[in-house]
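>>> prediction below, plus the sequence it came from.
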Amino acid sequence: MRRRPLACEALLTITIGAYVLVMLVGVIDPDMAARAIDMMTLERGATTSAPWTFLTYQFAHDNPFIGDSGGSGLYRLLHLAFNMVGLWVFGRPLEDRIGHVGFLALYLGGGIIAGVGHLLDSPAPVLGASGSVCALVGAFAILLPRVHIRILVIFILIGIWSIPATWVIAFWMTMDLVGFAGAGDGATAYAAHLGGYVAGLLTGISLLALRRTSGDDVDALWMFKQWRRRQMARAVLSKPSPAATPLSQPKTNNATPDTVITTAHWLREIESGMRSDRVEGALQRWRREAPDAPEACLPAAAQLDLANHLQAAGDWATAADAYRRLLHHHPNHAEAPMVRLLLGVLLARRLHRADEARTLLEQARDELRDPDHVQLADTVLLEGNA
């Protein structure tokens with residue numbers, strides 16, 4: 001992690017400290033400890049007279065030796081333990097991703113929304129950090145779905161297993177949905193949990209949509225873009241169409257300093273259009289400008305998206321040129337083997353240029369690891385030899 005999780009550590013310290021303090025007070029004066037818990041608890045009647053309880057309830061947990069709010073002493077102790085484990089496991093990576101202030105806002109704001117969700121569903125008082133932790137879980141599902149977490153498994157063999165976080169998140173959400181539907185125990189505030197999930201999910205989506213957090217290869221937006229790229233790639237890897245389009249020849253590059261500045265300008269505009277889903281306008285601008293700038297190329301991910309959109313639109317020659325530029329400017333990109341396969345298939349099946357396709361397909365076949373892709377390269381090579 002890039003930064004120490006100061007906010008996460010502070011929340012843990014305050015929550016556990018409040019729990020221990022109430023327990024110590026309870027040893028001396030159980031009634032006073034019970035009153036302290038009541039003052040921190042969120043309930044319908046106190047929302048106007050004690051609005052601070054929307055915050056304080058997130059730091060209060062039933063003490064196993066004080067009060068009588070239901071559940072065994074062990075259950076009430078585990079309530080705190082599970083919440084703190086969830087805060088630590090999901091909180092540290094999120095704080096590293098969105099910063100200290102953003103993390104605090106997510107945790108406390110998610111807890112408030114979770115509290116509102118509970119009050120709308122039940123007149124019973126509520127306390128505990130579960131709703132706040134569920135907000136973290138919801139945001140984690142959007143911002144860090146590809147991350148693995150380690151869990152202790154005690155079943156026949158005891159060990160620590162690393163599993164995708166989405167498995168744990170899906171299990172938790174499913175259990176809470178089942179409980180909310182009526183199959184759970186009455187002591188659990190399932191509506192608060194669901195309210196927290198919704199708050200976290202919407203926060204994560206908003207942060208990505210508004211670009212308030214930097215995108216990378218672990219968030220849900222990246223996963224969606226990868227899925228869209230694969231969908232577009234299937235169009236290239238389909239059966240050949242009867243018509244072929246001649247592949248335009250690049251013009252000689254006679255760039256001047258002014259031309260370079262102008263090229264950088266329209267490349268930025270095209271990249272912005274691709275990011276903001278103004279795709280058609282970006283494609284039209286590329287078709288208009290690229291022939292006069294044979295060395296122009298977008299950043300690798302944007303160039304790949306551009307080429308995929310061009311081939312999906314049936315503009316085979318321009319798509320092939322866009323793929324070629326990607327390979328020329330980003331030869332070591334992680335997607336380069338797949339791009340060579342895409343371009344090879346495009347040249348062979350759509351543009352009927354088997355000789356040009358052969359070198360690309362042979363290189364792609366040696367680099368690809370997916371057996372289906374390797375088989376496709378072999379099939380297209382055989383088609384060219386037929």
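Cool, the structure landed.
>>> so where's the stretch 201-350 of the chain uncertain?
Under the criterion pLDDT under 70, the flagged ranges of the stretch 201-350 of the chain are 213-261, 277.
>>> how about the helices in it?
Ranges of helices in the stretch 201-350 of the chain, per DSSP state H, counting those that start in this stretch, are 220-236, 257-275, 279-289, 300-312, 316-329, 336-345.
>>> helices or strands up against the last one?
Identification of packing neighbours for helix 336-345 by 3 or more CB pairs under 8 Å, 6 or more residues apart in numbering; DSSP states H and E yields helix 220-236, helix 300-312, helix 316-329, helix 354-367, helix 371-385. The C-beta positions use only the backbone N, C-alpha and C, and glycine is treated the same way.
>>> list the contacts of it.
Helix 336-345 has contacts (CB atoms under 8 Å, 6 or more residues apart in numbering) with 233, 236-237, 304, 307, 311, 320, 323-324, 326-327, 330, 333, 357-358, 360-361, 363-364, 367-368, 373, 376-377, 380.
>>> from those residues, list the buried ones, please.
Applying 16 or more other CB atoms under 10 Å to the contacts of helix 336-345, the neighbour count classes 233, 236-237, 304, 307, 311, 320, 323-324, 326-327, 330, 333, 357-358, 360-361, 363-364, 368, 373, 376-377, 380 as buried.
>>> follow-up on the earlier one: adding distance to residue 88, write the helices and strands packed on helix 336-345 out as TSV.
Below are those laid out as TSV (distance: least, CB to CB, whole Å):
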stretch	distance to residue 88
helix 220-236	23
helix 300-312	33
helix 316-329	42
helix 354-367	41
helix 371-385	41
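>>> closest to residue 14 out of those helices?
Nearest to residue 14, of all the helices and strands packed on helix 336-345, is helix 220-236, at 30.7 Å by CB to CB.
>>> help me confirm that residue 150 is found in a strand?
Yes: with DSSP: H, G, I helix; E, B strand; the rest coil as the criterion, residue 150 is located in a strand.
>>> what ranges does the stretch 51-200 of the chain have for its strands?
For the stretch 51-200 of the chain, applying DSSP state E, counting those that start in this stretch gives strands covering 148-155, 157-164.
>>> kindly state the domain boundaries assigned to this protein.
Recorded structural domains for the chain (assignment: automatic domain parsing) are 6-218, 221-385.
>>> run the chain-centre distance for the shortest one.
I take that to be domain 221-385. In terms of CA atoms, centre = their mean, to the nearest Å, the centre of domain 221-385 is set 26 Å apart from its chain centre.
>>> equivalent analysis for the first one, please.
When C-alpha coordinates are averaged (CA atoms, centre = their mean), domain 6-218 and its chain have centres 20 Å apart.
>>> I'd say residue 104 and residue 7 touch.
Yes: assessed by CB atoms under 8 Å, residue 104 is found in contact with residue 7 at 4.9 Å.
>>> so which of the two has more stuff around it?
Remark: of residue 104 and residue 7, residue 7 carries more neighbours, 22 against 17, as counted by other CB atoms under 10 Å.
>>> show the pLDDT at the more buried one.
Note for residue 7: predicted pLDDT of 94.
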